[in-house]
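Student: the following block contains a protein sequence and its predicted model.
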Amino acid sequence: MTDQINPVKVQKMQKMQKINGVRGMNDLLPADAAQWAHLENVLRDLTRAYGYEFLRTPIVEATAVFQRGIGEVTDIVEKEMYSFEDRLNGEQLTLRPEGTAALVRSVVENNLLYEGPKRLWYTGPMFRHERPQRGRYRQFHQFGIEALGFAGPEIDAEIILMGQRLWDELGLIGVRLEINSLGQANERAEHRAALVTYFEKNATQLDEDSQRRLVTNPLRILDSKNLAMQELIEGAPKLLDFLGEESLKHFDAVQALLKANNIPCKINPRLVRGLDYYNLTVFEWITEELGAQGTIAGGGRYDPLIERMGGKAAPACGWAMGMERVLELMKVSGSLPEPSAQCDVFVLHQGGETLTAAVIVAERMRSAGIDVILFCSPDGQSASFKSQMKKADSSGAAYAVIIGPDELSKNEAQLKDLRGSGQQRAIPLDGVVEAVIDAIVGATE
Ligand code: ATP
Ligand code: MG
């Protein structure tokens, strides 16, 4: 008997079991919503100031988009992607790990460059299977801009100026710009040959990862974070020494434009970036304030990508920023905005007819553009004005509108100032909207 399964008991146990979120994928809680909204507002203003248009792509793409668009021999494609097979039709799909490849896929598919170059931006969640730690998550958010169809150095400078303006606007401290040029494919090939010769000569000093990269993508060895290899990397042939006249001219022009706008930058010859598709200018914004995850944004020129994604060849450049890291740096910089009041008015009542009147008055105020929270009972019973007033106080509302049976019988309501003077006065029930607007306008004058 005791072994028999009791369905009621089983159901109860299932209800009690808590299901947690996926490791490395975080909830954005209401307490942080105002800060995210602030950052998003600043970003929207920034894109408008430079004439960039919003393009929103799906979160899921064919895996081939990233294999081709990011490169097979990259950390992202080799080990960080959430890829799966669609159970119904066998398609190979991937949760996007970054924005550029998908954006270019969309631009090519929708023929967006038909009428000429385009300035675009995107934002949204990205997914990478990495070890979660401060500033590194499995679902995180990026904002990015891409300028497609422009070949000249002025657009490299423009997107860097946008970044600098953004950090200033957000009040970030301690952000520095590092910049490098990766030249063109033939220049990289010469450098690569020299690099392979150098590393082959010193093969015993390479770690396992780097020995593999020596065959697949030797440039990435320069990106290694292995401390034991730093001296070896320091002595390796520098790509900058292999750049031809055109590449150097482009690089110099970008730097001159930055200098003319008082943007300090440091040339870092070892900066190669993780993604395969870059050429010419690459750059990163780095801070020492966030520990190991100090890169808040990075990008560069990726002229070969559009053609590689099946489009008509066109130059392009852009950058992407990690929103969590930027918010964290805003916190460290003390520049996060104070959470602002949630609403203008909190409405109190005593149930029954006063509730009906309260709902009508609340709706009328909302139609007039006033933000209103109506007291709703958690247990279906009417609550004392004292306990409702506590809720009104903690709601952040500036005013309370009180409709009790006495007020209703006189066709009135009480309007109470919750923040300033604390004054309370009777107002006509059909004049609540006007009285509240007068009070709000009066308080801001
Ligand atoms: P990292 O060297 O930190 O792994 P990355 O080179 O892989 O960065 P990009 O692909 O250039 O990063 O992405 C642009 C920005 O997105 C990074 O500079 C960073 O701010 C942010 N970012 C990248 N991966 C993560 C992650 N797992 N969690 C949070 N933010 C991230
Ligand atoms: Mg990474």
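Tutor: Sure thing, it's come through. Keep in mind that this is a model prediction, so the values were computed, not measured. Ligands and ions are numbered 1, 2, ... in the order given.

Student: in this protein, what residue lies closest to ligand 1?
Tutor: Residue nearest to ligand 1 within the chain (Cβ to the nearest ligand atom): Gly322, separated by 2.4 Å. In this view, the C-beta of every residue, glycine as well, is placed from N, C-alpha and C.

Student: that residue and Leu39, how far apart?
Tutor: 12 Å (Cβ to Cβ, to the nearest Å).

Student: repeat for Leu305
Tutor: Counting by Cβ to Cβ - Leu305 and Leu39 are separated by 28 Å.

Student: looking at the two, which is more packed in?
Tutor: Leu305 (31 against 23; other Cβ atoms under 10 Å).

Student: ok, now which ones touch the residue lying closest to that one once chain neighbours are set aside?
Tutor: Of all residues not flanking Leu305 in the chain, Tyr277 sits nearest, at 4.5 Å (Cβ to Cβ, 6 or more residues apart in numbering). Listed by Cβ atoms under 8 Å, 6 or more residues apart in numbering, the contact partners of Tyr277 are Gly69, Ile70, Gly71, Tyr302, Pro304, Leu305, Arg308.

Student: element containing Tyr277?
Tutor: Tyr277 belongs to no helix or strand when assigned by DSSP states H and E.

Student: distance check, it against Arg105.
Tutor: 13 Å.

Student: quick check: neighbours shared by those two?
Tutor: With Cβ under 8 Å, 6+ apart as the test, Tyr277 and Arg105 both reach Gly69.

Student: list the buried ones in stretch 421-438?
Tutor: Judged by neighbour count (16 or more other Cβ atoms under 10 Å), stretch 421-438 contains these buried residues: Ile427, Leu429, Val432, Val433, Ala435, Val436.

Student: in three-state terms, label Pro264 for me.
Tutor: At Pro264 the chain is in coil, as set by DSSP: H, G, I helix; E, B strand; the rest coil.

Student: spatially nearest residue to it (excluding sequence neighbours)?
Tutor: Pro264 sits nearest to Leu177 (Cβ to Cβ, 6+ apart), 6.9 Å away.

Student: I'd say that neighbour and Ile160 touch.
Tutor: Yes - using Cβ atoms under 8 Å, Leu177 is in contact with Ile160, at 7.0 Å.

Student: need the overlap of contacts for the two.
Tutor: Common neighbours of Leu177 and Ile160 (Cβ under 8 Å, 6+ apart) are Leu258, Ile263, Cys265, Phe283.

Student: run through who's touching the helix or strand hosting Glu200.
Tutor: For Glu200, the host element (DSSP H and E) is helix 185-201. For helix 185-201, contacts defined as Cβ under 8 Å, 6+ apart pick out 182-183, 206, 210, 214, 218-219, 221, 232, 235-239, 241-244, 247, 279, 304.

Student: out of these, which end up buried?
Tutor: For these, buried by 16+ other Cβ under 10 Å: 182-183, 206, 210, 214, 218-219, 221, 232, 236-237, 239, 242-243, 247, 279, 304.

Student: the closest residue to Glu178 other than its chain neighbours: neighbour count?
Tutor: Residue nearest to Glu178 in three dimensions, not counting chain neighbours: Asn268, with 4.2 Å by Cβ to Cβ, 6+ apart. Look at Asn268: counted by other Cβ under 10 Å, it has 15 neighbours.

Student: again, but for Lys266
Tutor: 11.

Student: from Arg165, how far off is it?
Tutor: Lys266 is 19 Å from Arg165, by Cβ to Cβ.

Student: and for Arg96?
Tutor: From Arg96 to Arg165 the distance is 27 Å (Cβ to Cβ).

Student: more crowded one of the two?
Tutor: Arg96 (24 against 17).

Student: picking that back up, most surrounded residue in the shared contacts of Leu177 and Ile160?
Tutor: Phe283 (27 neighbours).

Student: so which strand or helix has it?
Tutor: strand 279-287.

Student: quick check: angle from that strand to helix 185-201?
Tutor: 60 degrees (axes from the mean of the first three to the mean of the last three Cα atoms, to 10 degrees).

Student: strand 279-287 - which strands sit beside it in the sheet, and in what orientation?
Tutor: Looking at strand 279-287 with DSSP bridges, its partner strands are strand 175-181 (antiparallel), strand 295-301 (antiparallel).

Student: which one of these lies closest to Lys18?
Tutor: Lys18 sits nearest to strand 295-301 of all the strands paired with strand 279-287, at 34.4 Å, using Cβ to Cβ.

Student: what does the closest one contact?
Tutor: Identification of contacts with strand 295-301 by Cβ under 8 Å, 6+ apart yields 144, 156, 159, 163, 172, 175, 182, 273, 278-287, 290, 315-322, 325-326, 329.

Student: quick one on the thing from earlier: hmm, which two among the contacts of Tyr277 are most spread apart?
Tutor: Top of the distance list for the contacts of Tyr277 (Cβ to Cβ): Ile70 and Pro304, 12.7 Å.

Student: now for the shared contacts of Leu177 and Ile160: which two are most distant?
Tutor: Among the shared contacts of Leu177 and Ile160, Ile263 and Phe283 lie farthest apart (Cβ to Cβ), at 10.6 Å.

Student: what do the two both touch?
Tutor: Ile160, Leu177.

Student: could you export the host helix or strand of Ala31 as CSV, CA atoms only?
Tutor: If you go by DSSP H and E, Ala31 is part of helix 30-49. The C-alpha trace of helix 30-49 is given here as CSV (Å, rounded to 0.1, in the frame of the first residue of the first chain):
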residue,chain,number,x,y,z
PRO,A,30,13.1,45.7,-12.0
ALA,A,31,15.6,47.3,-9.6
ASP,A,32,18.0,47.6,-12.5
ALA,A,33,15.5,48.5,-15.2
ALA,A,34,15.9,52.3,-14.9
GLN,A,35,19.7,51.9,-15.4
TRP,A,36,19.3,49.8,-18.5
ALA,A,37,16.6,52.2,-19.8
HIS,A,38,19.0,55.1,-19.3
LEU,A,39,21.8,53.4,-21.2
GLU,A,40,19.4,52.4,-24.0
ASN,A,41,18.2,56.1,-24.2
VAL,A,42,21.8,57.4,-24.5
LEU,A,43,22.5,54.8,-27.2
ARG,A,44,19.4,55.7,-29.2
ASP,A,45,20.4,59.4,-29.0
LEU,A,46,23.9,58.6,-30.1
THR,A,47,22.8,56.6,-33.2
ARG,A,48,20.5,59.5,-34.1
ALA,A,49,23.2,62.1,-33.8
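
Student: please name every helix or strand in contact with the helix or strand following that helix.
Tutor: Using DSSP H and E, the next helix or strand after helix 30-49 towards the C-terminus is strand 53-54. In terms of contacts (3 or more Cβ pairs under 8 Å, 6 or more residues apart in numbering; DSSP states H and E), strand 53-54 is packed against strand 118-127.

Student: list the buried residues for the strand it packs on?
Tutor: Neighbour-count burial for strand 118-127 [16+ other Cβ under 10 Å]: Lys118, Arg119, Leu120, Trp121, Tyr122, Thr123, Gly124, Met126, Phe127.
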